[in-house]
Every structure is written in structure tokens, then in C-alpha cells.
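Trainee: what follows is a predicted structure for the sequence shown.
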Amino acid sequence: MAITLIADIGGTNIRFGLLKRNAISNFKLYPHEPTLTLERAIRRYFGEFGIKADSLVIGAAGELSQKGKISLIEKYILIQKNQKKM
């Protein structure tokens, strides 16, 4: 069974959920903080639920550059296309 981590990265919070069998479960919200990178947030989420995902879908409140990067305005998160696997 394929499991997809879905992430909504907004200006105030990062929200995660798991999509499996056409249903979303395991919702979790993390407020932005200076030391919380996207990778750390994902690792924290996986650690709390003891789960790994097969794929990742991200929605982010920011502008996508031609180099495949999304920088959130006034936040500490940078999303880059082709980041390493976790």
C-alpha cells in the first residue's frame, strides 16, 4: 500500500497528513520556529507517528523560482526540487 506524505506549508504553520487508500489521516500542525527546517519537520512527524512515506506532495505559500526553489516570505523554510531522500 502506497503512503504519501502531504504537506501544507503556510506563513505561520506547517501541516502534515498521510494519504493512503484515498483517505487522509494522522494530521499534525507545527508552528514555524527558527530551527525548524522542512527536513527537521518531516523527521519529527515521522518519528511521532513511527511511519515512513513512499512519496511527498507539498503545497507552499511562496514563489517558485526558475531554479525549482520556493522561499517562504520571512520564514526559515526553503524547498528545493530534487532534495535528497530522507
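Mentor: That came in fine, so what should we check first?

Trainee: T4: what's it in contact with?
Mentor: Neighbouring residues of T4 by C-beta atoms under 8 Å, 6 or more residues apart in numbering: L18, L19, K20, A53, D54, S55, L56, V57. Using the backbone N, CA and C atoms, a C-beta is placed for each residue, glycine as well.

Trainee: now the strands for the protein?
Mentor: Secondary structure of the chain by DSSP state E: the strands cover 4-9, 13-20, 23-31, 55-60, 62-64, 69-72, 78-80.

Trainee: just the buried residues of the contacts of T4.
Mentor: Among the contacts of T4, those classed as buried by 16 or more other C-beta atoms under 10 Å are L18, L19, A53.

Trainee: make CSV out of those residues and add distance to R40 and pLDDT.
Mentor: Below are the buried ones among the contacts of T4 laid out as CSV (distance: C-beta to C-beta, whole Å; pLDDT from 0 to 100):
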residue, distance to R40, pLDDT
L18, 18, 96
L19, 22, 95
A53, 16, 93
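
Trainee: now these as CSV including distance to R43?
Mentor: What follows is the buried ones among the contacts of T4, written out as CSV (distance: C-beta to C-beta, whole Å):
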residue, distance to R43
L18, 15
L19, 19
A53, 12
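
Trainee: residue contacts, the nearest residue to A53 once chain neighbours are set aside?
Mentor: In this structure, A53 finds its nearest non-sequential neighbour in L5, 3.8 Å apart by C-beta to C-beta, 6 or more residues apart in numbering. Contacts here follow C-beta under 8 Å, 6+ apart; on that basis L5 touches F16, G17, L18, L19, I42, Y45, A53, S55, L56, V57.
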